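Engineer: Next input, structure requested:
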Amino acid sequence: MLEQLHVKDLALIEDVWLDFSAGMTVMTGETGAGKTALVGALKLLVGERADSSAVRSGAAEALVEGMFKDAGTEVLVKRRVGADGRSRCVIDDEMASVSALGERIGPLVDLHGQHDHQALLRPATHVGYLDRWIGETAVAALSVYRTALDGYRGAVERLAELEEASRSAASELDRLTLMVDDIARVDPRAGEDSELEAGLPALLHAERLAEAAGAVAAELRGEGGALDRLAVARAQLERVSDIDPKLDEMTDSLRQAEALVDDIGSTARMYRDAVDHDPERVERAQARLGALSALKKRYGPTLDDVLDARSRAEAVIAVAGGAGGALDDARADVERARLTLVDAAENLDGVRRDGAEAFCAVLRDETSQLGMAGAEFGVAIERRSFDSWTADGPSRVEISYGASAMQPLRPLSRIASGGEVSRVMLALKCALRGADDVSTLVFDEIDAGIGGATAHSVGIKLAELAQTHQVVAITHLAQVAAFADTHLVVRKVAIGNDVRTVVELVEGDERVRELARMLSGDDSEASMTHARAVLEKSRKGD
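Structural biologist: Predicted coordinates for the structure are as follows:
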């Protein structure tokens with residue numbers, strides 16, 4: 001939900017702060033007052049393209065900030081558009097790309113205008129409306145279909161890889177066989193080079209190591225060595241320990257020192273005895289390292305790369321040797337996956353066909369309440385060629401429309417006027433209000449081209465939507481504006497030689513005066529009486 005909007009230096013807006021709440025908010029005002037600029041500010045926050053010409057004359061940049069609440073968490077987003085065309089985005093004090101802004105905020109706000117954002121005019125979006133209205137049954141069927149489609153495409157890809165490998169094997173077999181034989185002669189194992197490199201210094205300096213360990217053993221356990229001297233020191237203390245028991249602790253420490261020195265001396269002696277002085281072992285280790293280095297130079301750079309190269313080559317050779325069986329298995333996998341996909345596609349189309357008539361009935365009911373009595377709807381589900389199946393399904397789904405039962409159903413994009421499309425979109429939003437995840441709906445002059453009782457019906461529908469969504473509507477019709485929970489008036493004011501856009505919250509008599517202006521163009525007593533009547537009628541919901 002949009003909680004706050006700050007717009008600075010955009011079009012004629014110098015600096016405007018707006019607070020929004022749940023329910024229905026309308027923006028009204030004379031044509032050219034700046035309502036479109038406010039919609040443009042919202043478009044910037046949902047990731048739409050920035051236009052440097054929208055920056056207020058004389059300003060270095062335009063700034064739009066929005067505070068949204070999503071699942072109980074507040075999200076602050078900022079969009080700066082420079083007069084030089086550069087654009088910067090920030091989400092919760094962290095720099096972000098325009099696409100990231102669209103991914104984060106776009107799903108929270110749905111913008112609809114008379115001429116743009118008309119998803120109904122794009123047949124590719126129709127299947128989503130139908131599935132969302134059907135609900136869990138369609139969601140489950142679509143999930144099964146997509147899993148089957150992924151499985152089929154994966155099987156086809158594996159078959160193509162095997163066929164390519166088979167073709168490659170025919171020309172590469174000799175080279176790969178030589179590679180495998182070359183590596184097999186050395187027969188390396190993972191990590192072997194590191195082990196040899198770590199152990200080679202000990203082999204090269206075995207005599208020095210043995211001498212050092214022997215000297216340590218002699219100094220510690222030899223005659224007159226550290227162990228003997230510790231024993232003498234301990235004996236000295238033991239002879240007088242009966243005089244002062246305090247010396248017992250020192251005596252125990254000397255015993256522990258003797259044990260430690262004895263253990264170190266024994267370990268040093270065993271190390272000396274275990275040192276291998278074999279020159280041939282050194283040569284073998286150096287030769288082995290040389291052979292491994294040669295392999296790494298040819299197939300590396302690392303030994304793991306060498307082993308991977310051997311595994312890949314062996315796999316290709318295996319395919320070449322048993323290509324017929326492997327290819328037959330892969331082709332069988334493709335056929336099984338195709339049959340599974342066809343079954344899932346039939347089920348998905350069936351679910352959609354079963355729900356289509358009830359979906360159309362709901363649209364007929366909703367549009368009849370919007371002054372479109374007699375309007376007819378249909379859903380065409382036409383199977384595409386197998387190779388053209390998409391993640392949305394195997395068939396092309398399109399909503400068709402007729403202004404009356406006497407007219408043939410045709411695609412919405414070819415028949416409906418702008419006003420009709422707007423009302424169909426509003427009817428669709430009402431039909432989907434229980435299944436729509438979008439929290440904020442923005443309608444930009446969705447009531448264009450209508451008036452009277454139809455405008456009142458549009459107001460009722462917007463108010464119904466406002467019970468489950470935050471609704472922001474820009475309107476020229478008092479019959480619609482009267483249903484708002486919050487009424488904002490957008491005005492142009494002259495400041496010296498300059499003109500600025502300001503936005504004011506109107507309540508009480510000020511709101512009645514604005515409704516009167518919208519109805520009659522003035523605030524005469526007769527107009528004010530008419531406005532009060534319209535407002536009272538909206539409150540009754542008649």
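Engineer: From here on, just use CA atoms for contacts and neighbour counts.
Structural biologist: Will do.
Engineer: In which helix or strand does residue 379 reside?
Structural biologist: strand 376-383 (DSSP states H and E).
Engineer: Run through the residues that contact the residue nearest in space to the middle of the chain.
Structural biologist: What sits nearest the mean C-alpha location of the chain, by CA atoms, centre = their mean, is residue 103, with 6.8 Å. The contact partners of residue 103, by CA atoms under 8 Å, 6 or more residues apart in numbering, come to residue 47.
Engineer: Helix or strand next in line after whichever helix or strand it is part of, which one?
Structural biologist: Counting by DSSP H and E, the element that carries residue 103 is helix 98-105. Next helix or strand after helix 98-105 toward the C-terminus (DSSP H and E): strand 109-113.
Engineer: Run through who's touching the helix or strand just after that following strand.
Structural biologist: Moving toward the C-terminus from strand 109-113, the next helix or strand (DSSP H and E) is helix 126-134. Contact partners of helix 126-134, identified using CA under 8 Å, 6+ apart, comprise 120, 138-139, 352, 355-356, 359, 392, 396-399, 431-432, 435-436.
Engineer: which among the residues you listed end up buried?
Structural biologist: 120, 138, 352, 355-356, 359, 392, 396-399, 431-432 (16 or more other CA atoms under 10 Å).
Engineer: Any chance of those in CSV with secondary structure, pLDDT and distance to residue 215 as columns?
Structural biologist: Formatted as CSV, these follow (DSSP: H, G, I helix; E, B strand; the rest coil; pLDDT from 0 to 100; distance: CA to CA, whole Å):
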residue, secondary structure, pLDDT, distance to residue 215
120, helix, 71, 92
138, helix, 96, 83
352, helix, 97, 89
355, helix, 96, 92
356, helix, 96, 94
359, helix, 95, 95
392, coil, 96, 81
396, strand, 95, 89
397, strand, 95, 90
398, strand, 94, 93
399, strand, 92, 95
431, helix, 87, 93
432, coil, 85, 89
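Engineer: tally of neighbours for the closest residue to residue 159 other than its chain neighbours?
Structural biologist: Nearest residue to residue 159, sequence neighbours excluded (CA to CA, 6 or more residues apart in numbering): residue 330, at 5.4 Å. The local packing of residue 330 (other CA atoms under 10 Å) involves 21 other residues.
Engineer: and the host helix or strand of residue 330, what does it pack onto?
Structural biologist: Counting by DSSP H and E, the element that carries residue 330 is helix 323-368. With contacts defined as 3 or more CA pairs under 8 Å, 6 or more residues apart in numbering; DSSP states H and E, helix 323-368 has these neighbours: helix 126-134, helix 136-186, strand 376-383, helix 418-431.
Engineer: if you set the cut-off to 7 Å instead, what comes out?
Structural biologist: Judged by 3 or more CA pairs under 7 Å, 6 or more residues apart in numbering; DSSP states H and E, the packing partners of helix 323-368 are helix 136-186, strand 376-383, helix 418-431.
Engineer: SS state for residue 484?
Structural biologist: Following DSSP: H, G, I helix; E, B strand; the rest coil, the label given to residue 484 is coil.
Engineer: How about the contacts made by it?
Structural biologist: By CA atoms under 7 Å, 6 or more residues apart in numbering, the contact list for residue 484 reads 24-26.
Engineer: tell me, how many neighbours does the closest residue to residue 520 other than its chain neighbours end up with?
Structural biologist: Using CA to CA, 6+ apart and skipping the chain neighbours, the partner closest in space to residue 520 is residue 527 (6.1 Å). Burial of residue 527 is recorded as 20 neighbouring residues (other CA under 10 Å).
Engineer: Residue 527: helix or strand, and which one exactly?
Structural biologist: Using DSSP H and E, residue 527 falls in helix 525-540.
Engineer: got any ranges where the stretch 151-300 of the chain has weak pLDDT?
Structural biologist: Applying pLDDT under 70 to the stretch 151-300 of the chain flags residues 168-171, 202, 204, 276, 278.
Engineer: picking up where we left off before, average pLDDT across the helix holding residue 103?
Structural biologist: Averaging pLDDT along helix 98-105 yields 90.
Engineer: Give me the three-state assignment for the closest residue to residue 28 other than its chain neighbours.
Structural biologist: Nearest residue to residue 28, sequence neighbours excluded (CA to CA, 6+ apart): residue 489, at 5.0 Å. What three-state DSSP gives for residue 489 is strand.
Engineer: which element is the residue lying closest to residue 176 once chain neighbours are set aside on?
Structural biologist: Nearest residue to residue 176, sequence neighbours excluded (CA to CA, 6+ apart): residue 313, at 5.6 Å. Residue 313 belongs to helix 303-321 when assigned by DSSP H and E.
Engineer: Before I go, just wanted to say thanks for your time.
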